[in-house]
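*Asks:* Got a predicted structure plus its sequence, pasted below:
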Amino acid sequence: MFGPQTLQRLPQMLDRAVQTNQPAIDVSFPEIEKFDRLPEPGVRGVRAYVSIMEGCSRYCTFCIVPYTRGEEFSRSFDDVIAEVAHLAERGVREATLLGQNVNAYRGAMHNGASVDLALLLRYVAEIDGIDRIRFMTSHPAAFDERLIEAFAQLPKLADHLHLPVQSGSDRILAMMKRGYTVAEYREKVRRLREVRPDISITSDFIIGFPGETEADFQATLELIESVGFDNSFSFLFSRRPGTPAARLPDHTPLARKQERLAVIQRRLLEMGAAVSQGMVGSVQRILVEGRSRRDAKHLAGRTTNNRVVNFATEDQGLIGQFVDVEITEAMSNSLRARLVSERNPLCVPTQRRTNG
């Protein structure tokens, strides 16, 4: 038995179990050891994920992550930069920086100084070959002005941000121990759209949190309407044993929660579809990732706002390149397009029509 922080000890634990014929258990939380024992990153395409931190210290009342992943611990700045540079040398063009609360990244430099996520993004943007950057998952309470400035000043940052809000009710947010109000969340989104008018905001919503009233649910609907989210995720509240929220009384019938979830999901799907439809006729720069899953005569890529695009071409040499395409049709889960030009300079934000 072992936790996610001691995965690297599995070979030794197996040997011990075989030799002693006894259970081998290690559920400790070593910090730096896991990052020190990571294998050399493999390259499986033109996009790659880079883990820059582990754990979370927010302790939201519904979340089990701090108890299973431990407190926040950031990988060193030098190691992150070395891995991204290694990936770029092997053909990776888009890097996604990962962490349970990625905004809380504070990596140590070789000289003892500390680097936050905003500064790390600036260094990653300077690596030759990396032309598009994403990061996730962001906690709104830790999303600060420096990150907003990064979106204003770094063209390589994609026009997409996943910023889980969970609820549109201040009362529920306080019970969740999220650390921000609805007004504060709206203000962060407003500032982001000042510097990136076309940015796509996706989110997470928990419906049916213990004690959620009809007024709380309506407040969430109002937030969705006012922000205009794109392709967000929504779930029914699930009790996680050992978390504070698991002990809260709840008198709302399951059927009513399911009705609320259906309303939320329907509206979010409508909003996502409207954004896709608004892109029809626009020219988008996509990173071509490979052949389309459904048609070998098509290639597939991804837009800066994280939509899959399929377009017809016989030129397999475009794989791994940034190209311009004109969106011709919006499908339920993807877009269709025609090739406009083949270009490969620095990736820059594109112009597109949206539903506002």
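*Replies:* It's in. Numbers count the residues shown, from 1 in each chain.

*Asks:* List the buried residues of stretch 103-114.
*Replies:* When neighbours are counted by 16 or more other CB atoms under 10 Å, the buried residues of stretch 103-114 are found to be 103-105, 107. Where you see a C-beta, it was placed from the backbone N, CA and C, and this is true even at glycine.

*Asks:* Would you mind giving those as CSV with pLDDT added?
*Replies:* Below are the buried residues of stretch 103-114 laid out as CSV (pLDDT from 0 to 100):
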residue, pLDDT
Asn103, 95
Ala104, 95
Tyr105, 97
Gly107, 96
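
*Asks:* So which of those residues sit within strands?
*Replies:* Residues of the buried residues of stretch 103-114 located in strands (DSSP state E): Gly107.

*Asks:* Could I get the buried residues of stretch 103-114 in CSV, plus columns for distance to His86?
*Replies:* Output for the buried residues of stretch 103-114, formatted as CSV (distance: CB to CB, whole Å):
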residue, distance to His86
Asn103, 25
Ala104, 25
Tyr105, 19
Gly107, 17
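
*Asks:* Secondary structure element holding Ala88?
*Replies:* helix 77-89 (DSSP states H and E).

*Asks:* just checking, what packs against that helix?
*Replies:* If you count contacts as 3 or more CB pairs under 8 Å, 6 or more residues apart in numbering; DSSP states H and E, helix 77-89 packs onto strand 47-51, strand 94-98, strand 106-108, helix 117-125.

*Asks:* Give me the three-state assignment for Arg146.
*Replies:* helix (DSSP: H, G, I helix; E, B strand; the rest coil).

*Asks:* how far away is the closest residue to it other than its chain neighbours from Gly301?
*Replies:* Nearest-residue entry for Arg146: Ala118, 3.8 Å, with adjacent residues in sequence omitted and distances by CB to CB, 6 or more residues apart in numbering. Per CB to CB, to the nearest Å, Ala118 is found 28 Å from Gly301.

*Asks:* Please identify which of the two sits among more neighbours.
*Replies:* In this view Ala118 and Gly301 are compared by other CB atoms under 10 Å, and Gly301 has more residues nearby, 26 against 19.

*Asks:* In what element of secondary structure is the more buried one found?
*Replies:* According to DSSP H and E, Gly301 maps onto strand 298-302.

*Asks:* What strands line up against that strand, and which way round?
*Replies:* Applying DSSP bridges, strand 298-302 is found paired with strand 283-291 (antiparallel), strand 308-312 (antiparallel).

*Asks:* Distance to Val92, mean pLDDT and mean neighbour count for these - can I get that in a markdown table?
*Replies:* Output for the strands paired with strand 298-302, formatted as a markdown table (distance: least, CB to CB, whole Å; pLDDT from 0 to 100; neighbours: other CB atoms under 10 Å):
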| stretch | distance to Val92 | mean pLDDT | mean neighbour count |
| --- | --- | --- | --- |
| strand 283-291 | 10 | 96 | 21 |
| strand 308-312 | 18 | 96 | 20 |
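
*Asks:* Having no further points to raise, I will conclude here.
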